[in-house]
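**Student:** Kindly generate the corresponding structure for this input.
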Amino acid sequence: MNDEGTRRGSGRRAPGGEPRDGEASEKKPPRKPEDPAAQARDIVYRLLASRARSRLELRQALLRKDIDEDIADGVLQKFVDAGLIDDASFAEEWVNQRQRSQGLGRKALGFELRRKGVEEHLVESALSSVDNDAEAERARELVQRKLRSTGSLDYTAKVRRLVGMLARKGYSEGLAYRIVKEEIEDVGDAAGSDSS
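**Tutor:** Numbers count the residues shown, from 1 in each chain. Got it, this is the predicted structure:
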């Protein structure tokens with residue numbers, strides 16, 4: 001109520017969205033189309049918030065959102081200059097994470113990085129950080145886990161299945177055969193000693 005005892009508008013609108021009698025209309029200015037560079041920056045920030053990405057991944061995402069190529073390249077260069085996009089550190093982080101979580105070998109890791117647009121010298125540098133012993137140990141763990149489910153298969157079928165599994169994970173053929181052979185022999189020796 002105002003000083004005269006009459007009721008002011010309740011803030012509700014009449015049907016159709018028009019202000020009720022006696023209410024002032026508060027119009028907001030029409031929203032201007034967002035600046036394409038600002039839109040591109042928002043997209044990049046949003047993508048980088050979830051995980052590190054290569055420059056090519058980010059560029060492709062911007063182009064899919066209909067950001068002009070010149071604007072996309074300019075925005076991405078500013079992120080590179082600020083150190084927020086770094087394909088070298090992305091490649092190293094990717095190799096460490098994927099080797100640890102997925103048990104991937106060098107070939108698979110290299111393939112993934114190349115597919116993400118990481119330059120060859122950065123791929124090679126990141127893959128050089130993979131320790132041979134750690135790679136062999138990870139392959140051994142994968143074989144041990146899978147070997148449990150191959151109990152009824154003959155030797156040749158076990159070898160084929162286990163080497164195939166390691167090959168799909170990007171391990172070299174030589175390493176795969178060596179690890180599989182050693183693990184099958186270890187299981188055979190353990191089974192033989194259990195029965196005596």
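**Student:** Was I right to think residue 114 contacts residue 124?
**Tutor:** No - taking contacts as C-beta atoms under 8 Å, residue 114 lies outside contact range of residue 124: 10.6 Å. From N, CA and C alone the C-beta is placed, and that goes for glycine too.
**Student:** Could you list which residues are in contact with the nearest residue to residue 182 once chain neighbours are set aside?
**Tutor:** In space, and not counting its chain neighbours, residue 182 is closest to residue 140: 7.8 Å by C-beta to C-beta, 6 or more residues apart in numbering. Residue 140 sits next to 179, 182-183 when contact means C-beta atoms under 8 Å, 6 or more residues apart in numbering.
**Student:** is it true that residue 140 lies in a strand?
**Tutor:** No - using DSSP: H, G, I helix; E, B strand; the rest coil, the assignment for residue 140 is helix, not a strand.
**Student:** Check what pLDDT it gets.
**Tutor:** For residue 140, the pLDDT comes out at 94.
**Student:** before we move on, what about the one 5 residues further on?
**Tutor:** Residue 145 is assigned 91 on the pLDDT scale.
**Student:** can you check residue 103 too?
**Tutor:** So residue 103 comes in at 89 (pLDDT).
**Student:** burial measure for it, as a count.
**Tutor:** Residue 103 has 19 neighbours, counted by other C-beta atoms under 10 Å.
**Student:** before we move on, what about the one 3 residues further on?
**Tutor:** Burial of residue 106 is recorded as 19 neighbouring residues (other C-beta under 10 Å).
**Student:** What residue, apart from its backbone neighbours, is nearest it spatially?
**Tutor:** Residue 106 sits nearest to residue 127 (C-beta to C-beta, 6+ apart), 5.3 Å away.
**Student:** how far does the strand or helix carrying that neighbour sit from the chain's center?
**Tutor:** Element membership for residue 127, per DSSP states H and E: helix 120-128. The chain centre lies 18 Å from the centre of helix 120-128; the measure is C-alpha atoms, centre = their mean, to the nearest Å.
**Student:** what about that helix, average pLDDT?
**Tutor:** Mean predicted lDDT for helix 120-128 stands at 96.
**Student:** Now residue 113: which helix or strand?
**Tutor:** Residue 113 belongs to helix 106-115, assigned by DSSP H and E.
**Student:** List the contacts of that helix.
**Tutor:** 54, 91, 94-95, 98-99, 104, 120, 122-123, 126-127, 130, 135, 168-172.
**Student:** repeat that for 7 Å
**Tutor:** For helix 106-115, contacts defined as C-beta atoms under 7 Å, 6 or more residues apart in numbering pick out 91, 94-95, 98-99, 123, 126-127, 130, 135, 169-170, 172.
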